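Peer 1: curious how this folds, go ahead:
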Amino acid sequence: MRHHLLAATVVSAALLAPGIASAANYSLWVHGRNPGGGTQPGNHSYFGYWGSASTAAGVNKKAVNWDGVGRIADQNYRIRDAFDCYCTGDNWCYIAGHSAGNAQIGYALAQFGTSSRSKKDAKPNASGVCGNAGGTQNGWNIKWVDIASGAAGGSELANLGHWAVSDALTGDLRTATMRALYNHNLTRSIWFYMFAGAKGTAYSGVLPGQDDEAVAYHSTGGVSATGSFCNPGDWFCDGDLLTGTGGAYKGSTLVKLYTNHSVSLRDSNEQYNHYANGAWGGIVGPVRQDMVNYAR
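Peer 2: Below you'll find the predicted structure:
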């Protein structure tokens, strides 16, 4: 319902308002941690992280590539460049993110969401920077955000050194560090729709509650505190992750989600793991389908 009403409003406005025939909608895909490289930072046409570039993934899809290993603050300019390119002037964006891409999106909005932005022409150069179209605006034109297995709440795998690597991003992905990195409640009134996978494995037992092999429900559900949150009926948990804006139970206490966050998919059947595997796989699959259905 949330998508259908918004789409109808946008279409009606486009039909009634004169002089906006050149306006366009874009679907931006912000990837997560990628220590293997090959993301081609600044190339908005390269979908190697996700899967085939010919696969439908929302209107006018663009890949927001960053290095996948640098600190959020250091690499966030790549995300802001893409937002400037396609989400200013008469153009509007739908955003999809995966894993640490959740934090990149949230950081951009919290830290720069009301800053003055130059309106751009949606024609990026090789570095992913677009030319000026004339004029400025505050913040970006973003309709909503879909998140696949968001890591904006951090991962215990980073806390415990299970990612035995030297990339700087792993330091950011510690739960306490990530949750203090920016104000997660400051979304500039833009809704984040969370898709939380639960197809964990034996080695992910260090993750509390339900998990997707890399990130636990407290993060993928957008919960404002860490905890051992699970699907209804599971034992040895603090409590259930609720769908919608309900939050999660920690014993008898209801823990809220971050502001403007909602759980669109809780993986009650434990069928989605964390990984796209270069084939739009895992929890990325339902997000891609949601973008196909509603990002128009």
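Peer 1: so what touches stretch 43-58?
Peer 2: Identification of contacts with stretch 43-58 by Cβ atoms under 8 Å, 6 or more residues apart in numbering yields 27, 29, 31, 34, 38-40, 61-65, 68, 82, 85, 94, 96, 124, 126, 128, 276, 278-281, 284, 288, 291-292, 295-296. All C-beta spots, glycine's among them, are computed from the backbone N, C-alpha and C.
Peer 1: and that stretch, which residues are buried?
Peer 2: Of the residues in stretch 43-58, those with enough neighbours to count as buried (16 or more other Cβ atoms under 10 Å) are 43, 44, 47, 48, 49, 50, 51, 57, 58.
Peer 1: ends of it, what's the gap?
Peer 2: 18 Å (Cα to Cα, to the nearest Å).
Peer 1: quick check: mean pLDDT of stretch 96-109?
Peer 2: Mean per-residue pLDDT for stretch 96-109: 99.
Peer 1: chain center to it, what's the gap?
Peer 2: 4 Å (Cα atoms, centre = their mean, to the nearest Å).
Peer 1: check stretch 216-235 too.
Peer 2: Centre-to-centre, stretch 216-235 and its host chain are 18 Å apart (Cα atoms, centre = their mean).
Peer 1: buried residues in that stretch?
Peer 2: Here stretch 216-235 shows 216-231, 234 as buried, counting by 16+ other Cβ under 10 Å.
Peer 1: so how far does it reach from one end to the other?
Peer 2: 16 Å.
Peer 1: do stretch 253-265 as well
Peer 2: The first residue of stretch 253-265 is 22 Å away from its last residue (Cα to Cα).
Peer 1: same check, this time on stretch 146-157
Peer 2: End-to-end distance for stretch 146-157, by Cα to Cα: 24 Å.
Peer 1: quick one: average confidence on that stretch?
Peer 2: In this model, stretch 146-157 carries a mean pLDDT of 97.
Peer 1: same question, stretch 229-239
Peer 2: On average, stretch 229-239 scores 93.
Peer 1: now swap in stretch 175-189 and tell me
Peer 2: Averaging pLDDT along stretch 175-189 gives 98.
Peer 1: any chance of JSON lines for the buried residues of stretch 43-58, columns pLDDT, distance to residue 168 and secondary structure?
Peer 2: Below are the buried residues of stretch 43-58 laid out as JSON lines (pLDDT from 0 to 100; distance: Cβ to Cβ, whole Å; DSSP: H, G, I helix; E, B strand; the rest coil):
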{"residue": "43", "pLDDT": "98", "distance to residue 168": "22", "secondary structure": "coil"}
{"residue": "44", "pLDDT": "98", "distance to residue 168": "24", "secondary structure": "coil"}
{"residue": "47", "pLDDT": "98", "distance to residue 168": "25", "secondary structure": "coil"}
{"residue": "48", "pLDDT": "96", "distance to residue 168": "22", "secondary structure": "coil"}
{"residue": "49", "pLDDT": "97", "distance to residue 168": "19", "secondary structure": "coil"}
{"residue": "50", "pLDDT": "98", "distance to residue 168": "23", "secondary structure": "coil"}
{"residue": "51", "pLDDT": "97", "distance to residue 168": "27", "secondary structure": "coil"}
{"residue": "57", "pLDDT": "98", "distance to residue 168": "29", "secondary structure": "coil"}
{"residue": "58", "pLDDT": "98", "distance to residue 168": "30", "secondary structure": "coil"}
